[in-house]
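> below is the structure, and that's it, no one-letter string:
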């Protein structure tokens, strides 16, 4: 017999941190990065495989951190990591080889120990939306507080 856990039963066993609803308005995002779809990212149907959207989020997130003056390499030099705790993607339209996707990024929320980033992918129509929830740990894997600049930045964002 196969047992299937539905979302409501999962939420009863552990709290869900994800609390952001990403918007489909590109103007609501403070940063964007273009990514051209490579052939290797497509599946047998000729569309981008769903798993690649998380890699697109990561590429844009790393570029966003560099853009705001806090590159991920500096985090690591300070002994910090930002592991993904949860992720969510809603696929709206398929993307194909050689499409130029614009990944929009918004630092949506930060607490003392976690932060959430919302994403919008367009080309030019909406292809996907998503959210990643990150914790903050030392490079040894111990939970720690977020850097103060990150919580201050999130507090300033509308």
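Now that the structure is in, tell me what you want to look at. Owing to the predicted nature of the structure, the values given are computational and were not obtained by experimental measurement. Numbering: from 1, shown residues only.

> mind listing the helices for this protein?
7-13, 52-67, 72-77, 148-156 (DSSP state H).

> ok, and which of the ones you listed has the densest surroundings?
helix 52-67 (a mean of 18; mean count of other Cβ atoms under 10 Å). C-beta coordinates here come from the backbone N, C-alpha and C atoms, glycine included.

> what angle do that one and helix 148-156 make?
Calculated by axes from the mean of the first three to the mean of the last three Cα atoms, to 10 degrees, helix 52-67 forms an angle of 100 degrees with helix 148-156.

> list of residues touching helix 52-67?
31-33, 35, 41, 71-72, 75, 87, 89, 91, 101, 103-105, 107, 117, 119, 121, 128, 130, 132 (Cβ atoms under 8 Å, 6 or more residues apart in numbering).

> buried ones among those?
Using 16 or more other Cβ atoms under 10 Å as the burial test, these include 31-33, 35, 41, 72, 75, 87, 89, 101, 103-105, 107, 117, 119, 121, 128, 130, 132 as buried.

> now residue 23: how far from residue 63?
Using Cβ to Cβ, to the nearest Å, one gets 20 Å for the distance from residue 23 to residue 63.

> er, residue 136 actually
Residue 136 is 20 Å from residue 63, by Cβ to Cβ.

> got TSV for the helices of the chain, with mean pLDDT too?
What follows is the helices of the chain, written out as TSV (pLDDT from 0 to 100):
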stretch	mean pLDDT
helix 7-13	51
helix 52-67	97
helix 72-77	93
helix 148-156	89
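
> and residue 141, which of these is closest to it?
Among those, helix 72-77 comes nearest to residue 141, with 13.1 Å by Cβ to Cβ.

> where exactly do the strands run in the chain?
Shown for the chain, the strands assigned by DSSP state E span residues 31-36, 80-81, 84-91, 100-110, 114-122, 126-135, 137-138.

> export those strands to CSV and tack on mean pLDDT and distance to residue 53?
CSV is the format used below for the strands of the chain (pLDDT from 0 to 100; distance: least, Cβ to Cβ, whole Å):
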stretch, mean pLDDT, distance to residue 53
strand 31-36, 98, 10
strand 80-81, 94, 22
strand 84-91, 95, 5
strand 100-110, 96, 9
strand 114-122, 96, 7
strand 126-135, 96, 5
strand 137-138, 94, 24
